[in-house]
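> 3D, please:
(chains A and B)
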Amino acid sequence: MLTIKNLHAEVEGKKILKGINLEINKGEMHAIMGPNGSGKSSLASVLAGRDNYTVTEGEVWFNGKNLLDMAPEDRAREGVFLAFQYPVEIPGVSNLNFLKTALNEIRAYKGLPALEAREFLKLTKEKQQLVDFHSNLMNRSLNEGFSGGEKKRNEIFQLAMLDPQLAILDETDSGLDIDALRIVSSGVNKLRDAEKSFVVITHYQRLLEYIIPDFVHVLYNGRIIKTGTKELALELEERGYDWLKEELHLKESV
Amino acid sequence: MINSNEIIDDIANKEYEFGFSTDIEMDIAPPGLNEDIIRFISAKKNEPEWLLEWRLKGFAAFKKMEFPKWQHFEMPALDLQALSYYAAPRKKKQLASLDEVDPELLATFEKLGIPLNEQKALTGVAVDAVFDSVSVATTFKGKLKEMGVIFCSFGEAVQEHPDLVKKYLGSVVPHTDNIFAALNAAVFSDGSFVYIPKGVRCPMELSTYFRINAQNTGQFERTLIIADDNSYVSYLEGCTAPMRDENQLHAAVVELIAMEQAEIKYSTVQNWYPGDKDGKGGIYNFVTKRGICKGAASKISWTQVETGSAITWKYPSVILQGDHSEGEFYSVAVVRNKQIADTGTKIHHIGKNTKSRIISKGISAGRGDNSYRGLVAVGPRADNARNFTQCDSLLIGNQCGSHTFPYIESRNKSAMIEHEATTSKIGEDQIFYLNQRGIDSEKAVALIVNGYVKEVLNQLPMEFAVEAQKLLSITLEGSVG
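Below you'll find the model as predicted:
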């Protein structure tokens, strides 16, 4: 589904990604971990098409299409969803109106007619229950005055509504208390199916207790330096990242 | 990869999309401003002697006045002698119904998305179409007549209801008020007249579409609306103009009078030619709009959506004379390219327990310059006067300007006056967020802007709100509808 080959990217002349290789198949759950500043969030931004990042080398293929050639909105319409680490507030634009616009733009791209108001509301209700999203947040302005936890839950609710093929969760667990973490995780688990893939970016193993990954990758200094299964996350929790860095330096000095 | 700054630039510098003009034979007076031309206009309109005298008094006042200097823009050079002060579409014959209206004129309205026929049939909006200076079509008259509502062209009102016109003309905006009001008094061409009798709730929105069409013809409309005791009326004014190179002056006067417990809602959507992206051409919209809440517990509400004109310069105001009377001003003013807006309101609290509310939303894009200027004055007798003002500015791009000039004069200790102001910028982060949900940058800007102005658009009648939203889309987003 997603193939990243030798991806290099920089921001304001500073090299951030230095040769990422990653293959993600349908239905897989990938976790990306790594110390601060290793490039985890940058990878998410580059995939989503944020324009202050410049790709200097490499390729990204999504369902056989060149993702890097597409405008951000087209990537979204093709089925790439980014749950933001810091969702923005947009005053005056209601959550519902925003979602309806987004959903219908994506449908139009796929040649589908706009959803009728009744169908839209039905879908809203269904997804709202699925991910346990408060209905009183629906008519409020998009993220305006939402608590940190509410914003993150809104991201998961949008994910449920827009039903993408690939969901990238950028530190969705940061700033969540344990109850919110449980609700968000259970929402994500309910959305998992054989067609949908996930990339979960996180600092902590804690999230991976709730969302069990198929693969765990360690990103360090703009590269994936180790790939394993969920046991790797546990090992990182116990031992930190230093042993991996040492291993890497040993390898590089040989 | 698309750069959202480029898109913002593109949107901010978009050329006017309604640029076209209609070729209808005009009956135009020679250029120049003097007593003869005023007598010519008056004679052409078969006016009574008192009205001619009033025009001449206006002209005398005009000659003694100079252009103001306090505005926040450079006054353009205006050669008032180069303008023609009378233009009328040549009538082929007396018109009894819309079917007889010049088909090309109707086509113009179609292009603007204002099909008269359809409106008549579908929306229940009575439309008094002012095409240049003379009204050519008036609808729904019969139904209004049954209820005693008078809704006609100003010229017709002078002939049919001279006593009402004589009583109220200039009673809110006197012929000496300001230089443009004086000019209007001298040469006003036509406009609309509304009288709502006691206890009548006008059953439909009254609407006039103005359209400046003749080259070099200053437009001097005059509107007079009187709502008698316990009556209600909602009046809509919407405009759009063809692309021109010459600057066109529009100096209209609107007077509203609300008697005891009467309510007048006056809504404007203005989309005149703003000039090209270098500011060439474009309309000067120098309008004097004022209402008086004469009776106790009366209410006047102004709502305006201003997207056009090279310069928009006006302060729709309310004099709160009656005790417990209420005044409101809701405004959206958009400037882009090199457009200028210096607009706001004046509220005079005179009666006791009077209330006012001002919500102003400025949007600046391109190299546009937007000023809010507002006066809240509380007189010594106005016990317990209450005002709330909210004044917001939204910036798009980094070459535009936004200014706020609030004036507060309180001469009563019991007055409560609140002023809130915010300035925000459409951020790249907001646009990217919406992009990431499948919404392109143009739609994203439109969505953000519509959210920002919602509080004002909610004040407009339904059909008008939709139209206003379309106008904002055209102005800032680039796609019609």
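
> flag the shaky bits of the stretch 1-150 of chain B, pLDDT-wise.
For the stretch 1-150 of chain B, the stretches with pLDDT under 70 are B:1-27, B:88-142.

> list the buried ones in the helix or strand hosting residue B:53?
Here residue B:53, judged by DSSP states H and E, is contained in helix B:49-64. Using 16 or more other CB atoms under 10 Å in any protein chain shown as the test for burial, helix B:49-64 gives B:51, B:52, B:54, B:55, B:56, B:57, B:58, B:59, B:61, B:62. All C-beta spots, glycine's among them, are computed from the backbone N, C-alpha and C.

> now swap in stretch A:106-118 and tell me
Judged by neighbour count (16+ other CB under 10 Å), stretch A:106-118 contains these buried residues: A:106, A:115.

> what sits up against it?
A:74, A:76, A:77, A:100, A:103, A:104, A:123, A:162, B:438 (CB atoms under 8 Å, 6 or more residues apart in numbering or on different chains).

> about what we covered before: what packs against the helix holding residue B:53?
Other elements packing on helix B:49-64 under the criterion 3 or more CB pairs under 8 Å, 6 or more residues apart in numbering or on different chains; DSSP states H and E are helix B:35-44, helix B:162-168, helix B:179-187.

> please name the residues that touch residue B:291.
Residue B:291 makes contact with B:172, B:255-258, B:264, B:266, B:300, B:302, B:316-319, B:327 under the criterion CB under 8 Å, 6+ apart.

> what would those look like in JSON lines with distance to residue B:431?
Output for the contacts of residue B:291, formatted as JSON lines (distance: CB to CB, whole Å):
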{"residue": "B:172", "distance to residue B:431": "45"}
{"residue": "B:255", "distance to residue B:431": "44"}
{"residue": "B:256", "distance to residue B:431": "41"}
{"residue": "B:257", "distance to residue B:431": "46"}
{"residue": "B:258", "distance to residue B:431": "44"}
{"residue": "B:264", "distance to residue B:431": "40"}
{"residue": "B:266", "distance to residue B:431": "35"}
{"residue": "B:300", "distance to residue B:431": "39"}
{"residue": "B:302", "distance to residue B:431": "32"}
{"residue": "B:316", "distance to residue B:431": "33"}
{"residue": "B:317", "distance to residue B:431": "37"}
{"residue": "B:318", "distance to residue B:431": "38"}
{"residue": "B:319", "distance to residue B:431": "43"}
{"residue": "B:327", "distance to residue B:431": "37"}
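
> what is the nearest of those to residue B:154?
Nearest to residue B:154 out of these is residue B:255 (CB to CB; 11.0 Å).

> is it fair to say that closest one lies in a strand?
Yes: secondary structure of residue B:255 (DSSP: H, G, I helix; E, B strand; the rest coil): part of a strand.

> what distance do you get for it to residue B:263?
Distance of residue B:255 to residue B:263, computed by CB to CB, to the nearest Å: 16 Å.

> what do you get for residue B:205?
Residue B:205 is 13 Å from residue B:263, by CB to CB.

> hmm, back to that, closest to chain A out of the helices and strands packed on helix B:49-64?
Within these, the stretch nearest chain A is helix B:179-187; the backing value is 34.7 Å (CB to the nearest CB).

> and the closest one, what does it pack onto?
Judged by 3+ CB pairs under 8 Å, 6+ apart, helix B:179-187 is in contact with helix B:35-44, helix B:49-64, strand B:253-258, strand B:283-293.

> and the third one, what's buried?
Just to be clear, that refers to strand B:253-258. Buried residues in strand B:253-258, counting neighbours by 16+ other CB under 10 Å, are found at B:253, B:254, B:255, B:256, B:257, B:258.

> would you turn these into CSV with distance to chain A and pLDDT?
Below are these laid out as CSV (distance: CB to the nearest CB, whole Å; pLDDT from 0 to 100):
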residue, distance to chain A, pLDDT
B:253, 34, 94
B:254, 29, 95
B:255, 34, 97
B:256, 29, 98
B:257, 35, 98
B:258, 31, 98
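
> what's the closest of the residues you listed to residue A:135?
residue B:258 (42.1 Å).

> residues in a beta bridge with the closest one, which ones?
With DSSP bridges applied, residue B:258 shows beta-bridge pairing to residue B:227, residue B:293.

> distance of it from residue B:459?
17 Å.

> I'd guessed residue B:409 sits against residue B:376; true?
Yes: under the criterion of CB atoms under 8 Å, residue B:409 makes contact with residue B:376 at 7.5 Å.

> who touches both of these two?
When CB under 8 Å, 6+ apart defines a contact, no residue borders residue B:409 and residue B:376 alike.

> more neighbours, these two?
Neighbours were counted for residue B:409 and for residue B:376 using other CB atoms under 10 Å in any protein chain shown; residue B:376 has more, 25 against 13.

> the closest residue to the more buried one other than its chain neighbours and residue B:413: what is the separation?
Leaving aside its chain neighbours, residue B:376 sits nearest to residue B:387 (4.8 Å; criterion: CB to CB, 6 or more residues apart in numbering or on different chains). Look at residue B:387 and residue B:413: by CB to CB, they are 15 Å apart.
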